[in-house]
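>>> Using only what follows, build the 3D model:
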Amino acid sequence: MSERPTPMFQLYRLAGSGTATGAGGVWWRVVSPNGRALGRSAHELVDVAAATAHLARVIAERERLEPTVRVTTSHRWRWQLALDGDIVVHGSAEQDRRVRCDAAWRAFVQVAGQAQIDPAVHTFHRGYAPAPLAPAGG
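Residues are numbered from 1 along each chain as shown. As a prediction, this is how the structure comes out:
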């Protein structure tokens, strides 16, 4: 019988970023068992130790994360989670409906408690910038 896939936190760098030694900042993301990214760190972290510490805090405090769900300038929905007023997680994908966006951040919180941390630091060759959120109250 095969093992059931588990969600995985991945640490990664973006190719072409960093110094002459090749060491750039580190990000993290969580990938569901079906291979889809659910959420990622809201900010680039200085190194693997900082990314690991940030990730540990997000996991430990996941039940305290405060969601913000807003429409994007492209009229889709995006979520982010804050801890003590600081945004710490961005959703990895835009959603076509508010209800799906709410389900996506809730799935992140649930999966964060089950996910294992991949010990490898990956390099991705394409950056990702989320669509800007519309101003609050707008």
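>>> OK, contacts around the residue sitting nearest the centre point of the chain?
Central residue of the chain (Cα atoms, centre = their mean): residue 40, 1.3 Å from the mean position. By Cβ atoms under 8 Å, 6 or more residues apart in numbering, the contact set of residue 40 is 27-30, 89-90, 92, 128. In this view, the C-beta of every residue, glycine as well, is placed from N, C-alpha and C.
>>> packing partners for the least confident helix or strand in the chain by mean pLDDT?
When each helix and strand of the chain is scored by mean pLDDT, DSSP states H and E, strand 116-124 comes last, with a mean of 91. If you count contacts as 3 or more Cβ pairs under 8 Å, 6 or more residues apart in numbering; DSSP states H and E, strand 116-124 packs onto strand 8-14, helix 48-60.
>>> Residue 117: which of these is closest?
For the helices and strands packed on strand 116-124, proximity to residue 117 was assessed by Cβ to Cβ; strand 8-14 is nearest, at 4.6 Å.
>>> which residues touch the closest one?
Against strand 8-14 from outside (Cβ under 8 Å, 6+ apart): 23-31, 48, 51-52, 55, 115-118, 120-127.
>>> Residue 107 in helix, strand or coil?
Assigned with DSSP: H, G, I helix; E, B strand; the rest coil, residue 107 falls in the helix class.
>>> Look up how far residue 38 lies from it.
As defined by Cβ to Cβ, to the nearest Å, residue 107 lies at a distance of 6 Å from residue 38.
>>> more crowded one of those two?
More neighbours surround residue 38 than the other of residue 107 and residue 38, with 22 against 17 (other Cβ atoms under 10 Å).
>>> Now that that one has come up, it's in contact with residue 104, right?
Yes: proximity of residue 38 to residue 104 meets the contact threshold set by Cβ atoms under 8 Å, at 6.9 Å.
>>> shared neighbours of these two, anything?
With Cβ under 8 Å, 6+ apart, residue 38 and residue 104 have common neighbours residue 91.
>>> Please identify the most buried of the helices and strands packed on strand 116-124.
Ranked by mean neighbour count under mean count of other Cβ atoms under 10 Å, these are led by strand 8-14, which reaches a mean of 19.
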